[in-house]
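>>> sequence? don't have it. structure:
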């Protein structure tokens, strides 16, 4: 059972249940409403907070336990992240043994106290980065419960995503910084320890009040509620109406599954507006190393307009591009990126992380199992968006996504994309599978069903499944309904195996007044065949053989004449077809002129008359 439980502000669905909207298909998903008050001490890099969560159990199950993520606990010697980073074959260069070398003033931690359910004290246990909680009373289906706790935390030295004093001098990158309730869905609880990868959580509303030294400027998820009181960027400048030594920044965010913030006394704040779209906020230190940021707003607007047209409308009022973190990482309504970059690198990381707002922020598949449905789809869309921003064409033959996949397929280290994200044997295998092979999965889908149909699939998928945590089955059903073709075979091979595509032109000979062409499947993944024949006079014609298991054929999107051939049965290792006329009239024969087919050996794709 899939699920959809969202607020009126975003979807006009069919009927109301306890003040929220539920689709008639019976989908469900859990919901949370956070209220957090945080007092931050910049002298010792520690903060104390109180947290209240109204938890909506919209599942058909009675809950007896809940689980929280305590991500900062990963930044301690001998943590799972530390040991994994020191024992994996190819450690992330940003981590390696850095966690093992942290002293007590540099580690991260969360200390939990006063944990209650509807006022009753709760028993709990901290197991690394997971808080295990036994409820005082069960939470039946269709009911709510109030979960309260207090936490005292320390910000670690910035190593991976989160932390203080990043390499470019940003004071605080506060990602995955609070006790965060784990997701519960039709597969049960997802209380995965924080080892290396991505995050999964229920949607909800956040009300976060951050009290910090008044010299600091904060960028965050959500909408600042007291801009006039704070002053910075909205009135007369930072501290314009300050009283005392601190400010309390008050943020609200609706229908998000995370909350990120950063703080630095030297942030420059620039705002630009996307026509018929969000306001874009840029936070960065104005230094010689960040000079290219002056050009970024105009190009970011161009990117957002293209993304909205091709991949779906952005539903939130603003988006923030923030200097911070350790590279580039996406969060709801914001991204943290390092800022000492060339213009193309700066635009590239901005576009990629912004597109995560579509495939992670708004669709949010469970990336422990479907990281490629975020990273890969984002990488695919990044290639197209960057081509638009810089007025170039995407050449799939030379695109880095295809090159990355080919390197993986030929490395001997490839693992199926169905592997749990934390359980790949190498970071290389994870990265190339999630980013490169995931991107190729979408580009190549255009080869199978047609590029026009593929583009319609992406828009329909976004519009039907935003705010719903879709999985692979949901995407496949959208693709099948849109294209009219059966596609489970494609994902069986591409996701659940490491089998490869390799087709070649075999024998070409004249027979009985016509030309007989043999196409040979050298690899183990079956594919439909687009074979382009170039004749002596320079004209071209496409010979197209669908797979029988597709149960149909794609539309001819080419301006060339296409000859529809009988279906190719996947059990047959070769396929023969005829071309009318003599061999003298043929100049060349090429498999997949488009370059969308991820054929690992393209050297045998062409036959040229000698």
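Nice, I can see it. Values in this document were obtained by computation on a predicted structure and should not be read as measured data.
>>> drop to CA atoms for contacts and neighbour counts, all remaining ones
Will do.
>>> domains of this structure?
Using automatic domain parsing, the domain ranges for the chain come out as 388-496, 503-608.
>>> what's the first-to-last distance across the shortest one?
Using Cα to Cα, to the nearest Å, the end-to-end distance of domain 503-608 comes out at 16 Å.
>>> Could you do the first one as well?
According to Cα to Cα, domain 388-496 extends 33 Å from its N-terminal end residue to its C-terminal end residue.
>>> what's in contact with the helix or strand hosting residue 303?
Assigned by DSSP states H and E, residue 303 falls within helix 296-311. By Cα atoms under 8 Å, 6 or more residues apart in numbering, the list of residues contacting helix 296-311 from outside reads 272-275, 277, 280, 282, 313-314, 343, 346-347, 350-351, 355, 358, 385-386, 388-389, 455, 458-459, 462.
>>> quick one on the thing from earlier: point out the most buried one among the domains of the chain.
With neighbours taken as mean count of other Cα atoms under 10 Å, those reach their highest mean count in domain 388-496, at a mean of 19.
>>> if we can go back for a sec, pLDDT (mean, whole number) over the following helix or strand past the helix holding residue 303?
With elements assigned by DSSP H and E, the helix or strand that comes after helix 296-311 is strand 318-323. Averaging pLDDT along strand 318-323 yields 97.
>>> picking up where we left off before, among the domains of the chain, single out whichever gets nearest to residue 208.
Nearest of those to residue 208, taken as Cα to Cα: domain 388-496 at 21.3 Å.
>>> Buried only: go through the contacts of helix 296-311 for me.
274, 277, 280, 282, 313-314, 343, 346-347, 350-351, 355, 358, 385-386, 388-389, 455, 458-459, 462 (16 or more other Cα atoms under 10 Å).
>>> What is the end-to-end distance of stretch 525-533?
Stretch 525-533 stretches 23 Å from its first residue to its last (Cα to Cα).
>>> on contacts alone, who are the packing partners of the helix or strand harbouring residue 456?
Assessed by DSSP H and E, residue 456 sits inside helix 451-465. Applying 3 or more Cα pairs under 8 Å, 6 or more residues apart in numbering; DSSP states H and E, one finds that helix 451-465 makes contact with helix 296-311, helix 438-449, helix 472-483.
>>> Give me the contacts around that helix.
310-312, 358, 363, 442, 445-446, 475, 478-479, 482-483, 557.
>>> related to what we said a few turns ago, can you tell me the average pLDDT over the helix holding residue 303?
Helix 296-311 shows a mean pLDDT of 98.
>>> Off-centre distance for it?
Distance of helix 296-311 from the chain centroid (Cα atoms, centre = their mean, to the nearest Å) equals 18 Å.
>>> next one: stretch 482-500
On Cα atoms, centre = their mean, the centre of stretch 482-500 falls 21 Å from that of its chain.
>>> Endpoints of it, how far apart?
OK, stretch 482-500 end separation, Cα to Cα: 26 Å.
>>> With stretch 348-365 instead?
23 Å.
>>> contacts for that stretch?
Looking at stretch 348-365 with Cα under 8 Å, 6+ apart, the contacting residues turn out to be 200, 256-257, 300, 303, 307, 311-312, 314, 321, 328-335, 337, 371, 373-375, 377-379, 381-382, 385-386, 462, 465-471.
>>> same question, stretch 108-119
Taking Cα under 8 Å, 6+ apart as the rule, stretch 108-119 contacts 70, 72-76, 121-123, 135-136, 145-157, 179.
>>> cool, stretch 67-74 as well?
Under the criterion Cα under 8 Å, 6+ apart, residues 79-82, 108-110, 128-133, 154-156, 176-182, 189, 191, 193-195 lie in contact with stretch 67-74.
>>> if you look at these, which of them are in helices?
Using DSSP state H, the members of the contacts of stretch 67-74 that fall in helices are 80-82.
>>> a markdown table for those residues, including neighbour count?
Formatted as a markdown table, the ones in helices among the contacts of stretch 67-74 follow (neighbours: other Cα atoms under 10 Å):
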| residue | neighbour count |
| --- | --- |
| 80 | 19 |
| 81 | 24 |
| 82 | 22 |
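>>> ok, back up a step: out of the helices and strands packed on helix 451-465, the one nearest residue 515 is which?
It's helix 438-449; of those, that one is closest to residue 515 (Cα to Cα) at 25.8 Å.
>>> how far away is the residue nearest to residue 270 when sequence neighbours are not counted from residue 348?
Among residues not flanking residue 270 along the chain, residue 282 sits closest, at 5.1 Å (Cα to Cα, 6 or more residues apart in numbering). For residue 282, the distance to residue 348 equals 15 Å [Cα to Cα].
>>> try residue 134
From residue 134 to residue 348 the distance is 45 Å (Cα to Cα).
>>> Ok, residue 575 next?
43 Å.
>>> ok, now residue 142?
44 Å.
>>> what does residue 560 give?
Counting by Cα to Cα, the gap from residue 560 to residue 348 is 35 Å.
>>> any chance you could read off phi and psi for the spatially most central residue of the chain?
By Cα atoms, centre = their mean, the chain has its centre lying nearest to residue 374, at 3.0 Å. Residue 374 has phi and psi values of phi -100, psi -60 when expressed as degrees, to the nearest 10.
>>> would JSON lines of the contacts of helix 451-465 with distance to residue 608 be doable?
Listed next are the contacts of helix 451-465 as JSON lines, based on distance: Cα to Cα, whole Å:
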{"residue": "310", "distance to residue 608": "38"}
{"residue": "311", "distance to residue 608": "40"}
{"residue": "312", "distance to residue 608": "43"}
{"residue": "358", "distance to residue 608": "44"}
{"residue": "363", "distance to residue 608": "46"}
{"residue": "442", "distance to residue 608": "30"}
{"residue": "445", "distance to residue 608": "28"}
{"residue": "446", "distance to residue 608": "27"}
{"residue": "475", "distance to residue 608": "40"}
{"residue": "478", "distance to residue 608": "40"}
{"residue": "479", "distance to residue 608": "36"}
{"residue": "482", "distance to residue 608": "37"}
{"residue": "483", "distance to residue 608": "34"}
{"residue": "557", "distance to residue 608": "25"}
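>>> now, among those, which is nearest to residue 500?
For the contacts of helix 451-465, the nearest to residue 500 is residue 445 (15.2 Å; Cα to Cα).
>>> Next up, the contacts around that closest one.
451, 454.
>>> tell me the pLDDT at it?
Reported pLDDT for residue 445: 98.
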